[in-house]
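# Provided below for reference: sequence and predicted model.
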Amino acid sequence: MDTVSEENQQVLEEIKQDVKAEMEARAKKMKVPFVDLSQIKIDKETAAIIPREMAERHKLICIGKLEKKITLAMIDPQDIFALDEVRFRTGFQAEPVLASHDDIIKSISAVYGEDKSWVGKLEQFGEGKAELIKDDDESKSDEEVVIDQPVITAVNKIITEAVDKKASDIHVEPFENDLLVRYRIDGILHEIMDLPKSIQPALVSRIKIMSNLNIAEKRIPQDGRIHLKIKDRDLDVRVSTLPALQGETVVMRLLDRKRMMVDLNTLGFMGNDLEKFKGLIDHPHGIILVTGPTGSGKSTTLYATLNALNQPHRKIVTIEDPVEYYLRGVIQIQTNARVGLTFAAGLRSFLRQDPDVMMVGEIRDKETATIAIESALTGHLVLSTLHTNDAVGSVTRLVDMGVEPFLISSTMIGALAQRLVRVICPACKEEIKLLPELFEVFKNYDYKEEDIHIMKGKGCQECSNTGYKGRIGIYELLVVTEELRELIIKRVSSNILLEQAKKEGLKSLFEDGLRKVAAGITTYEEICRVTAE
């Protein structure tokens, strides 16, 4: 028996050596190193840089890390799609090495644990006994959706992980062969996971049931809302479904009530812009406009302004589409186009509610703009938003809508253009050398070299190796002075208005961004990404 065992052992050793020789030959042909994973100990924390579902899908494992580079053991080191996904999702440059298929599978089990993840369980969706869920509405009682426990778990996990990663939006997007989940984190979309295409109908139906939408209706867009409590946090999830070529796509906007209780002092105003803005909102009447594209933080600024104005002696009324956050002490109204409750109709009704401050979610047309101006003329402070690229552009936008310049001149007291930029991660930020070409940019704005502190995030676990964590606003504040009022009445071009505003101290979005770069808050690349200059 001992002899047989020794012989077997010898045969196994020879086979192992043959396999190793074959793998080394393949590695040499691919011009990459070969690694025998059975001979090395893999650090679990290092391996965890790669999510398990991605490691299992691409058959790879992270075995080493040095600064911004990681070493990946792969069955196919020439798989550029896998390497691109790793770089995109982790922020690391990957150096591939060859390893055997069996060694990688064993290492994944050893490092991540034997139990299959919830994503893995979805592969068996439909094999077990399913719970039949029907909608209560009789009009859709003929539509039945089978929702297995793994799908319920998947939806819960998708939302809780998004909250943990501080995502603002969850995108569930169907394609021909898979279901892609992406999170928008600090304004940037990140691909998080690929789910089996087979679970798409059940997963979308589960989200619809949670948000009280019609699960039988798949031909038209729908909007709903989910109220959740996750880890002692009250969360509102705004749900939007849209029929697409490969099935319904879902976007969930995560609205954290605690995160919305912001203070004007924390938004990122620099210099004397904060005092100027506080001076504007202290006016008893007039219009203040907050401008910028979708996702530039306009709602956050408006809610912070309402928080500052929300005092017992003031009556504040808002009309929004939709109401994103609930503010105690503020009367908030949701638009409803089906019954005729538009921004303009709401504003008309406001005047009979004896308000001091009125907020309208957006000025979209001449009617809304005219009523807002009339409200300001009759002694109310009106806050609203416009979609323009800069603060001065708000004047020309109102003129283009058909509002008379003398009315704009009489009522508009200020406009605030803004964007959001990512903040350098405080856990891994470090000062770097100021490059001569970048110093030339600062010199154009009268900066001295000793006043510039360029920082960069190295990348760490706190920031998911992106070098950024959180966002801050950059602002362009226009205060309407008597000189500007006269120019507005004369219908001068926006360039002339901008020249005069700069003479009076207006700092452009780019200039405010440079202030934050010099202070080590964000990077020059971020400022260039979100501004036109």
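On my side now, so go ahead. This one's a predicted model, so the numbers in the text were calculated from it and none came from an experiment.
# pLDDT of stretch 215-225, averaged?
What stretch 215-225 shows for mean pLDDT is 89.
# my bad, should have said stretch 346-355
Mean predicted lDDT for stretch 346-355 stands at 86.
# quick one: buried residues of that stretch?
Buried positions in stretch 346-355, judged by neighbour count with 16 or more other C-beta atoms under 10 Å: Gly346, Leu347, Phe350, Pro355. C-beta: built from backbone N, CA, C; applies to glycine.
# and if you look at stretch 205-218?
Applying 16+ other C-beta under 10 Å to stretch 205-218 flags 205-211, 213-218 as buried.
# ok, of these, which one's closest to Ser375?
Ser211 (34.3 Å; C-beta to C-beta).
# how near is the nearest residue to the closest one once chain neighbours are set aside to Asn214?
Nearest residue to Ser211 in three dimensions, chain neighbours excluded: Gly224, at 3.1 Å (C-beta to C-beta, 6 or more residues apart in numbering). Distance of Gly224 to Asn214, given as C-beta to C-beta, to the nearest Å: 9 Å.
# now do Cys428
47 Å.
# Now do the same for Thr396: helix, strand or coil?
Classification of Thr396 using DSSP: H, G, I helix; E, B strand; the rest coil returns helix.
# That one: how many residues sit nearby?
As a burial measure, Thr396 scores 19 neighbours (other C-beta atoms under 10 Å).
# which ones are touching it?
By C-beta atoms under 8 Å, 6 or more residues apart in numbering, the contact set of Thr396 is Thr388, Ser494.
# For Ser494, see how far away it is.
5 Å.
# One more: Asp102?
Going from Asp102 to Ser494 by C-beta to C-beta gives 67 Å.
# So for those two, which sits in the more crowded spot?
More neighbours surround Ser494 than the other of Asp102 and Ser494, with 17 against 12 (other C-beta under 10 Å).
# So for the more buried one, what pLDDT did the model give?
90.
# Could you do the one 3 residues further on as well?
On pLDDT, Leu497 comes in at 94.
# now for the helix or strand it falls within, which elements pack on it?
Per DSSP states H and E, Leu497 falls inside helix 494-503. Packed against helix 494-503 by the contact rule (3 or more C-beta pairs under 8 Å, 6 or more residues apart in numbering; DSSP states H and E) you find helix 393-401, helix 482-489.
# Strands along the stretch 151-300 of the chain, start to end?
Applying DSSP state E, counting those that start in this stretch to the stretch 151-300 of the chain gives strands spanning 167-174, 178-185, 188-196, 222-230, 233-244, 247-256, 286-291.
# The fifth one pairs with which strands?
Going back to what we said before, that points to strand 233-244. strand 222-230 (antiparallel), strand 247-256 (antiparallel) (DSSP bridges).
# Contacts for that strand next, please.
159, 163, 173-174, 204, 207-208, 210-211, 213, 218-229, 248-258, 322, 324-325.
# The same query, at a cut-off of 6 Å, please.
Under the contact criterion C-beta atoms under 6 Å, 6 or more residues apart in numbering, strand 233-244 has outside partners 211, 219, 221-226, 228, 248-257.
# ok, of those, which come out buried?
Buried among the contacts of strand 233-244 (16+ other C-beta under 10 Å): 211, 222, 224-226, 248-256.
# so which of those residues comes closest to Glu67?
Leu254 (32.8 Å).
# residues contacting that closest one?
Leu254 sits in contact with Val237, where contact means C-beta under 6 Å, 6+ apart.
# at 10 Å what do you get?
Residues near Leu254 by C-beta atoms under 10 Å, 6 or more residues apart in numbering: 159, 162-163, 166-170, 183-184, 226, 228, 230, 235-238.
# for Gly459, same thing?
Glu67, Lys68, Thr90, Gly91, Phe92, Cys425, Ala427, Cys428, Asn465, Thr466, Gly467, Tyr468.
# The first one: how many residues sit nearby?
When counting by other C-beta under 10 Å, one arrives at 9 neighbours for Glu67.
# Okay, it and Lys516: tell me how far apart.
Relative to Lys516, and taking C-beta to C-beta, Glu67 is found at 26 Å.
# repeat for the third one
Distance of Thr90 to Lys516, given as C-beta to C-beta: 26 Å.
# What residues of stretch 516-533 count as buried?
Buried-residue list, stretch 516-533, by 16+ other C-beta under 10 Å: Lys516, Val517, Ala518, Gly520, Ile521, Thr522, Thr523, Tyr524, Glu526, Ile527, Val530, Thr531.
# confidence score at the third one?
What it means is Ala518. Predicted confidence (pLDDT) for Ala518: 94.
# Find the residue closest to it in space, skipping its chain neighbours.
Ile452 (4.7 Å).
# likewise the first one?
Computed as C-beta to C-beta, 6+ apart, the closest residue to Lys516 that is not its neighbour in sequence is Thr522, at 5.0 Å.
# how about that neighbour, secondary structure?
Secondary structure, three-state DSSP: Thr522 is coil.
# Quick one: residues contacting it.
Residues in contact with Thr522, defined by C-beta under 10 Å, 6+ apart, are 268, 421-424, 455, 468, 471-472, 474, 513-516, 530.
# and if you look at Val262?
Thr300, Thr301, Tyr303, Ala304, Thr305, Asn307, Ala308.
# so how far is Ala304 from it?
As judged by C-beta to C-beta, Val262 and Ala304 stand 5 Å apart.
# and what of Arg219?
Taken as C-beta to C-beta, the span from Arg219 to Ala304 is 40 Å.
# lowest-pLDDT helix or strand in this protein?
Lowest on mean pLDDT, DSSP states H and E among the helices and strands of the chain sits strand 131-134, with a mean of 35.
# Skipping adjacent residues, who's closest to Leu179 in space?
Closest residue to Leu179 apart from its sequence neighbours, by C-beta to C-beta, 6+ apart: Leu195 at 4.2 Å.
# Give the burial count for that neighbour, as a bare number.
23.
# just use 8 as the starting number from now, easier for me
Sounds good: first residue 8 from here, last item Leu202.
# My read is that it contacts Ile165, right?
Yes. With contact defined as C-beta atoms under 10 Å, Leu202 counts as touching Ile165 (8.9 Å).
# Find the residue ranges of this structure scoring beneath the pLDDT cut-off.
Applying pLDDT under 70 to the chain flags residues 8-23, 25-26, 120-155, 238, 264-268, 539-540.
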